[in-house]
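Asks: sequence and predicted structure, then a few things I'm wondering about:
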Amino acid sequence: MPTLPMSLTTLCYLEQGDSYLMMHRVKKKNDVNQDKWIGVGGHAEDYESPEDCLLREVWEETGLTLTDYRFRGIVTFSLKDAETQYMCLFTATGWEGKLNYDCVEGDLEWVRKDRIKDLKLWEGDKVFFKLLTEEVPFFSLKLYYEQDELKECVLNGEVLDWKNFLTD
C-alpha cells in the first residue's frame, strides 16, 4: 500500500485583551479553508522548525514580528485519501511592528473570544479553542475528516465525544 506524504504547518492566534486576531479566508482560489475563519500561519518550508515557520508566516501575513509566543499543542489533521498534516498550534501575546491588514490570504480582524463560536469554523477548531480557553498546558489532538465533516476526534490518545465536549 502506498504511503501518503505528510506536511508540517503552524497556526497562531494573536491575543490582545479579550480578542484573537482571526483571518477570514476569502481571497485565495481553490482554498481548502474557503470562507472559514482561522488564525495566521501556513506550511513549513524545507529545513524550518515549527518556530521558524511560525515567525515567517506571521510576519508574511500580518507584518508583525512575534516577541512572546507559546506552543500550545500539536493537531493532526487526517483526511481520507489525502495528505496528513501536523499543525503546531501557538498563541502569542507580544509582537513588534504595525499590523498590515492587507493580507493576500484573507481579511484580518480582531474578534472577541466570546464571539468566535459564532463564526464559520471547522468543527475541530472549536475543540482546540475550548482547550485554549481552558488553559490546557499542552495537548495532542487528532482530527479525522471525511470531506468537511469531522468523523473522529482523539485527545491525548483517547477518543473524545467532541459534541458533548463542546456543550459542557
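Replies: Received it, and whenever you're ready, just let me know what you need.
Asks: biggest strand in the chain by residues?
Replies: Scanning the chain for the strand with the most residues, using DSSP state E, yields strand 65-79.
Asks: who does it pair up with?
Replies: According to DSSP bridges, strand 65-79 forms sheet pairs with strand 84-96 (antiparallel), strand 139-146 (parallel).
Asks: quick check: buried residues in the last one?
Replies: By neighbour count, and taking 16 or more other C-beta atoms under 10 Å as the criterion, the buried residues in strand 139-146 are Phe139, Leu141, Lys142, Leu143, Tyr144, Tyr145. Using the backbone N, CA and C atoms, a C-beta is placed for each residue, glycine as well.
Asks: state the mean pLDDT of that strand.
Replies: For strand 139-146, mean pLDDT is 95.
Asks: against Leu66, how distant is Glu96?
Replies: Taken as C-beta to C-beta, to the nearest Å, the spacing of Glu96 relative to Leu66 amounts to 8 Å.
Asks: between these two, which one's more packed in?
Replies: With neighbours defined as other C-beta atoms under 10 Å, Glu96 and Leu66 compare such that Leu66 has more, 20 against 8.
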